[in-house]
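Engineer: what would the 3D arrangement of this be:
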Amino acid sequence: MTTKNLFVQVYECLTCADLDRKVRLLDGLLVDWTQQNFNFEPLDKVERIADPGRPAKPELVAPKKLLRRRIGSPEGHAALMHAIAHIEFNAINLALDAVYRFQHMPRDYYADWLGVAGEEAYHFQMIREHLFTLGYEYGDLAAHNGLWLTTYETDHDVLVRMAMVPRTLEARGLDVTPDMIKRLRAIGDHRGVEILKILLRDEIGHVAVGTRWYRYVCDERDLNPFDEFQSILTTYFHGDIRGPFNYDARQKAGFSEQEIAWLKSMEAQTFEKTND
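Structural biologist: Prediction:
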């Protein structure tokens, strides 16, 4: 039987702009993976992708231009769910790009990131359906492109990608989701609470995938994971790393005791500055 090239097929899904077709292509990828229909021959050229496949809407604007609304209002409630939907849609592309871009990794790496892509698509569909019950569709509100900008900036090195996207940006989701759950519970959005609990559980696993492969590459290159993580953040992270941090979730996602202690020291420093 003639096999399909994994990277060619993933690129088609990654660059597909139609929401429903993208999900169908991803379903096909997952079926082909389980049936062992792929070969892993690296391509002659790996394309840089400044703008992955996404629908014409939402309009992408600078974060400062996003309207701030109180979650207690119907508009604010929908705006929060729309923002989460946008993050989850972006996360599909992030996971697909991790497969397509780095074509000399072990087979388990591709299994992990295809699995992540499938779960992110499930998350996106859940939130999209919930958003519809609030009277909105994905794309009705503006969004920002910060997640993909970092993905594009880290497309040259799998080590930097694993450090910056799953272990930094997506790990931030572990920190902020418990507060969002409280806010949704306060306004009686029981379905929203249920969805975010699923997201938090699964995102711990996604960050753990990033941690696993970050440490794998560190071992290959004989690098100290803690020192290298700090060095990468200094070079690539725009802004300050500040708490509060969800230490329990981060530990479950594979953050070491040394990393947790470092985060606690930064949170303490931020608290001292705030209260000076």
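Engineer: for the helix or strand where S265 lies, which positions count as buried?
Structural biologist: Assigned by DSSP states H and E, S265 belongs to helix 257-274. Using 16 or more other CB atoms under 10 Å as the test for burial, helix 257-274 gives E259, W262, L263, E267. Placement of C-beta: from N, CA and C, glycine included.
Engineer: and for stretch 225-242?
Structural biologist: Buried-residue list, stretch 225-242, by 16+ other CB under 10 Å: P225, E228, F229, I232.
Engineer: can you list these in JSON lines and add pLDDT and distance to N90?
Structural biologist: Below are the buried residues of stretch 225-242 laid out as JSON lines (pLDDT from 0 to 100; distance: CB to CB, whole Å):
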{"residue": "P225", "pLDDT": "97", "distance to N90": "26"}
{"residue": "E228", "pLDDT": "97", "distance to N90": "25"}
{"residue": "F229", "pLDDT": "96", "distance to N90": "23"}
{"residue": "I232", "pLDDT": "96", "distance to N90": "21"}
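Engineer: in helices, which of the residues you listed fall?
Structural biologist: P225, E228, F229, I232 (DSSP state H).
Engineer: ok, the third one touching M164?
Structural biologist: Pointing back at F229 there. No. Contact criterion CB atoms under 8 Å: F229 and M164 do not qualify, at 9.7 Å.
Engineer: now the stretch 151-276 of the chain, which segments are flagged as low pLDDT?
Structural biologist: Counting by pLDDT under 70, the stretch 151-276 of the chain shows low-confidence ranges at 270-276.
Engineer: what of the stretch 1-150 of the chain?
Structural biologist: 1.
Engineer: for the chain, which segments are assigned as helices?
Structural biologist: 6-14, 19-34, 74-101, 107-133, 146-153, 158-164, 171-186, 190-221, 225-236, 247-252, 257-274.
Engineer: which other residues reach the shortest one?
Structural biologist: Think helix 247-252. A171, L174, D175, L200, I204, V207, A208, E259, I260, L263, K264 (CB atoms under 8 Å, 6 or more residues apart in numbering).
Engineer: quick one: which of the residues you listed is nearest to Y216?
Structural biologist: A208 (12.5 Å; CB to CB).
Engineer: what's near enough to touch that closest one?
Structural biologist: Applying CB under 8 Å, 6+ apart, the residues near A208 are K252, A253, G254.
Engineer: swap in 7 Å and give it another go.
Structural biologist: A253, G254 (CB atoms under 7 Å, 6 or more residues apart in numbering).
Engineer: before we move on, the earlier item: let's have the ones in helices among the buried residues of stretch 225-242 in a markdown table, adding distance to K57.
Structural biologist: A markdown table is the format used below for those (distance: CB to CB, whole Å):
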| residue | distance to K57 |
| --- | --- |
| P225 | 40 |
| E228 | 39 |
| F229 | 36 |
| I232 | 33 |
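Engineer: wait, what's in contact with I127?
Structural biologist: I127 makes contacts with M81, I84, A85, E88, I195, as judged by CB under 7 Å, 6+ apart.
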